[in-house]
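[1] I'd like to go over a predicted model; first the sequence, then the structure.
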Amino acid sequence: MRAAASAHAPDLPVQGIVATAPAVSDDRRTLTHGDLAGAAADEARWLAAVGVERAGLLTDNGCGFAIADRALRRAGALNVPLPPAFTDAQLRHALDDAGLDALLTDQPGVAGRLDCGLRPAGTAPGSGLSLWRRPAPQHRPLLPAGTLKVTYTSGSTGTPKGVCLTTATLDAVVASVRTVTAPLGLSRHLVLLPLATLLANVAGLDATVAAGGLCLLPSNANTGLRPDGADVAQLARLVAAEAPDSLILVPELLKALVLAAEAGWQAPRSLRFVAVGGARVAPALLERADATGLPVYEGYGLSECGSVLCLNTPEARRAGSVGRPLPHARLHVDASGQIRVQAPAFAGYLGAAAPDAGDLATGDLGRIDADGFVYVEGRAKNVLITSLGRNVSPEWVEGELQASPAVAQAFVAGDGQPSLAALIVPRDASVTDADVAAGVGRANAALPEYARVRHYVVLREPFSRANGLLTGNGRPRRERIHARYADLIDQLYAAPQGATTGA
């Protein structure tokens, strides 16, 4: 039952918000700002009464997430949103790594099969999510002072790091997003990305509600976002039906909307601001978006900094840049060309030593022009970022492929693409195409959806020191391999999923 809005108006977090105005809406219900605040307060009291200290939040997009997210904060409990794309192994890792004693979820089947001591313990009164409890682990990592959330990225390896985020950092991001978008008068935001991602949670849900607006939260299944791409027609229908003022997209979703627009789809006239980030955006895609009239503005951020750091806006936009730093953020470029963040401070990773005082190396190469616009020009390391915003270490996937007896060597590509592609060298001439296909299948079965290989080619020439594709100690020379086989990799993405042999 929804709480009466008037009874909870004093609980509203920001003065000036109309208690009876709609705040969040999903496929089943709409809550006013008063309803949302009241439901979160009720649930917070319940969570405190049952002794929840550290909780994972594993749920579909919807009002339930919004309520539980706020309730955990009010109860003073650690909140660990868990990405829906995580495998069971990654979920178990997060539960143990963060020392969680509870899980709030709408997926009891998943909770029941994790085999890590979780037992059902009731239904949360506000969100309606199932509470699962387990004894608190004996060894729990210490948290930096003020830690509100721990976010796990999509995972550049099988055991992704947990990033500790403080109340101060997250509140600063929300305040900055509100400040730079206030002139646009945005009041109706549609969330298309899973709320377990900071970009959707902080810059989308939290910033919209804090500004007194309405955040639309359709189920993940209704957005058109898939593990290896996006359903163009489904996404376009949803955006047209919901008629939002604003969206936040990863590049693959932007591509889907651009394709729809180029095929004749008309964006709703209400749509005035489309932020895109989470991964590198191809300049050609931004040009196509401009040609269709989509109001697209590129941004940039890091999980370690609470999400958004830079953003283009209608008042300050420069092609090719990711925008100027938001009011709370300070960035500079060091002598090696790497972008560094001076503020906000990075609180640290779970289970790791406290970070050194000073600025944070982003791992991105770039520059800042005389007017303060930031340009990101490449990755300092090997981590691939797909166009769906997933971080993937190629060595992780290559290791799974090379676990097959049929595979001697593997090289994984996919930066800026919706899925991964691989160059595979078989063990010897006796290995058949079917053997390689079976090896790829086994590797994919061990990987989460976003890290699976969707395209591959079988090479007959191995990577070696003699042909310059291996270092002296046997490591792949990644830039050389990619340069040599660039045309072949492009052909893989142009063809249907599957293998090309004999290259």
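    Cool, got the structure.
[2] Quick one: residues in contact with the host helix or strand of Tyr493.
    For Tyr493, the host element (DSSP states H and E) is helix 486-494. For helix 486-494, the external contacting residues (C-beta atoms under 8 Å, 6 or more residues apart in numbering) are Ala413, Gln417, Ala421, Leu423, His455, Tyr456, Val457, His482, Thr500, Ala503. All C-beta atoms are positioned from the backbone trio N, CA, C, and that covers glycine.
[3] What is the nearest of the residues you listed to Ala347?
    Among the contacts of helix 486-494, Gln417 lies closest to Ala347 (C-beta to C-beta), at 32.2 Å.
[4] Let me know the secondary structure of the residue lying farthest from the centre of the chain.
    Distance from the C-alpha centroid of the chain peaks at Ser430, with 41.9 Å (C-alpha atoms, centre = their mean). Here Ser430 is recorded as coil under DSSP: H, G, I helix; E, B strand; the rest coil.
[5] Can you pull the phi/psi pair for it?
    With angles defined as degrees, to the nearest 10, Ser430 sits at phi -80, psi -10.
[6] now Thr159: how far from Cys116?
    From Thr159 over to Cys116 the distance is 15 Å, taken as C-beta to C-beta, to the nearest Å.
[7] Show the pLDDT at the residue most central in space within the chain.
    With distances taken as C-alpha atoms, centre = their mean, Thr197 lies nearest the centre of the chain, 4.1 Å away. Note on Thr197: pLDDT of 93.
[8] Export the contacts of helix 486-494 as a markdown table, with columns for pLDDT.
    A markdown table is the format used below for the contacts of helix 486-494 (pLDDT from 0 to 100):
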| residue | pLDDT |
| --- | --- |
| Ala413 | 96 |
| Gln417 | 94 |
| Ala421 | 96 |
| Leu423 | 97 |
| His455 | 95 |
| Tyr456 | 96 |
| Val457 | 96 |
| His482 | 94 |
| Thr500 | 68 |
| Ala503 | 67 |
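[9] who touches stretch 399-414?
    384, 386, 392, 394, 397-398, 420-428, 431, 435-436, 438-440, 442-443, 446-447, 453, 462-463, 476, 478, 481-482, 485, 489.
[10] Which among those residues count as buried?
    384, 386, 392, 394, 397-398, 420-427, 431, 435-436, 439-440, 442-443, 447, 453, 463, 476, 481, 485, 489 (16 or more other C-beta atoms under 10 Å).
[11] Just the ones of these in helices?
    If you go by DSSP state H, the buried ones among the contacts of stretch 399-414 have Pro394, Val397, Glu398, Asp435, Val436, Gly439, Val440, Arg442, Ala443, Ile481, Ile489 in helices.
[12] Which residues are in contact with the first one?
    This points to Pro394. Asn382, Val383, Leu384, Phe411, Val412, Ala413, Gly414, Arg478.
[13] Can you give me the distance of the residue nearest to the centre of the chain to Asp433?
    38 Å.
[14] Name the spans of the stretch 251-400 of the chain whose pLDDT lies under the cut-off.
    For the stretch 251-400 of the chain, no stretch has pLDDT under 70.
[15] all strands of it, in order?
    273-276, 296-302, 307-311, 324-325, 330-333, 338-343, 360-368, 374-379, 384-385, 391-392 (DSSP state E, counting those that start in this stretch).
[16] Please report the separation between the first and final residues of stretch 321-338.
    For stretch 321-338, the first-to-last residue distance is 15 Å (C-alpha to C-alpha, to the nearest Å).
[17] Okay, buried residues for stretch 237-251 please.
    Applying 16+ other C-beta under 10 Å to stretch 237-251 flags Leu238, Val239, Glu242, Pro244, Asp245, Ser246, Leu247, Ile248, Leu249, Val250, Pro251 as buried.
[18] And Ala408, what's its pLDDT?
    Reported pLDDT for Ala408: 87.
[19] For Ala256, see how far away it is.
    Taken as C-beta to C-beta, the span from Ala408 to Ala256 is 37 Å.
[20] So which of those two has more stuff around it?
    Ala256 (25 against 16; other C-beta atoms under 10 Å).
[21] The closest residue to the more buried one other than its chain neighbours: how many residues sit nearby?
    Spatially, and ignoring its direct neighbours in sequence, Ala256 is nearest to Ala230 (3.9 Å; C-beta to C-beta, 6 or more residues apart in numbering). Residues contacting Ala230 under the criterion other C-beta under 10 Å number 26.
[22] ok, and the closest residue to Ala19 other than its chain neighbours, which helix or strand is that part of?
    Among residues not flanking Ala19 along the chain, Gly34 sits closest, at 3.6 Å (C-beta to C-beta, 6+ apart). Assigned by DSSP H and E, Gly34 belongs to helix 33-49.
[23] Output that helix as PDB, nothing but the C-alphas.
    Taking C-alpha atoms only, helix 33-49 is exported to PDB below (Å, rounded to 0.1, in the frame of the first residue of the first chain):
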ATOM      1  CA  HIS A  33       7.800  12.700  -3.600                       C
ATOM      2  CA  GLY A  34       5.900  12.300  -0.300                       C
ATOM      3  CA  ASP A  35       5.200   8.600  -1.000                       C
ATOM      4  CA  LEU A  36       8.800   7.900  -1.800                       C
ATOM      5  CA  ALA A  37      10.200   9.700   1.300                       C
ATOM      6  CA  GLY A  38       7.600   8.000   3.500                       C
ATOM      7  CA  ALA A  39       8.200   4.500   2.100                       C
ATOM      8  CA  ALA A  40      12.000   5.000   2.500                       C
ATOM      9  CA  ALA A  41      11.600   6.100   6.100                       C
ATOM     10  CA  ASP A  42       9.300   3.200   6.900                       C
ATOM     11  CA  GLU A  43      11.700   0.700   5.400                       C
ATOM     12  CA  ALA A  44      14.700   2.300   7.000                       C
ATOM     13  CA  ARG A  45      13.200   1.800  10.500                       C
ATOM     14  CA  TRP A  46      12.500  -1.800   9.600                       C
ATOM     15  CA  LEU A  47      16.000  -2.400   8.300                       C
ATOM     16  CA  ALA A  48      17.500  -0.900  11.500                       C
ATOM     17  CA  ALA A  49      15.100  -3.000  13.700                       C
END
